[in-house]
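Peer 1: What follows is a predicted structure for the sequence shown.
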Amino acid sequence: MLPVPVELAELRQEARFLGQRISIVERSWQAQKYRREVLEEENIRLKRENEQLKDRLRKEHQRLEEELNKVKRERDTYKDMVFKAKKHLPSQTEDDRQPKRYRGGQIGHWGKSRPKPDHIDQTVAAY
């Protein structure tokens, strides 16, 4: 056990230390409280701004879709005026198709040409 004046001095020193520590913690708490309030206000402002931007984007998207549909209708109108509808031919199967024909005499056919003479009367040099 310590004498009373020494113990009293230690208690005063501890009280001073704790008082300083409490003031530091209170200042820190106040700063955090202020920062939280600022951030909450900013969060509310950003949410409002986000909703406004979403509304603008929806309106712009809707306007562009309407414009696209209008252009498609115009395109279809002009396309019908200029181009005819395609006539669909009956589809041919592999068996129905004719083989590709090449120029000249066809394979398997006898040639048709001028017949060779039986008797040659005269031979002339062309050069």
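Peer 2: Now that the structure is in, tell me what you want to look at. Numbers count the residues shown, from 1 in each chain.
Peer 1: count of neighbours near residue 123?
Peer 2: Residue 123 has 5 neighbours, counted by other CB atoms under 10 Å. For glycine as for every other residue, the C-beta is placed from the backbone atoms N, C-alpha and C.
Peer 1: Is the residue most central in space within the chain within a helix or a strand, and which one?
Peer 2: Central residue of the chain (CA atoms, centre = their mean): residue 61, 15.3 Å from the mean position. In this assignment (DSSP states H and E), residue 61 forms part of helix 4-82.
Peer 1: Which secondary structure state is assigned to residue 116?
Peer 2: coil (DSSP: H, G, I helix; E, B strand; the rest coil).
Peer 1: how close does it sit to residue 104?
Peer 2: Note on residue 116: its distance to residue 104, by CB to CB, to the nearest Å, is 20 Å.
Peer 1: Quick check on residue 114: phi, psi?
Peer 2: When read as degrees, to the nearest 10, the backbone of residue 114 gives phi -70, psi 130.
Peer 1: Tell me, how many residues neighbour it?
Peer 2: If you count neighbours by other CB under 10 Å, residue 114 ends up with 5.
Peer 1: Next, work out how far apart it and residue 103 are.
Peer 2: Taking CB to CB as the measure, residue 114 and residue 103 are separated by 20 Å.
Peer 1: now residue 79
Peer 2: Taken as CB to CB, the span from residue 79 to residue 103 is 39 Å.
Peer 1: neighbour count winner among those two?
Peer 2: With other CB under 10 Å as the criterion, residue 79 and residue 103 differ in neighbour count, and residue 79 comes out ahead with 9 against 5.
Peer 1: For that one, give me the pLDDT.
Peer 2: What the model reports as pLDDT for residue 79 is 82.
Peer 1: where does it sit relative to residue 50, distance-wise?
Peer 2: 42 Å.
Peer 1: which regions of the chain lie under the pLDDT threshold?
Peer 2: Residue ranges of the chain with pLDDT under 70: 83-99.
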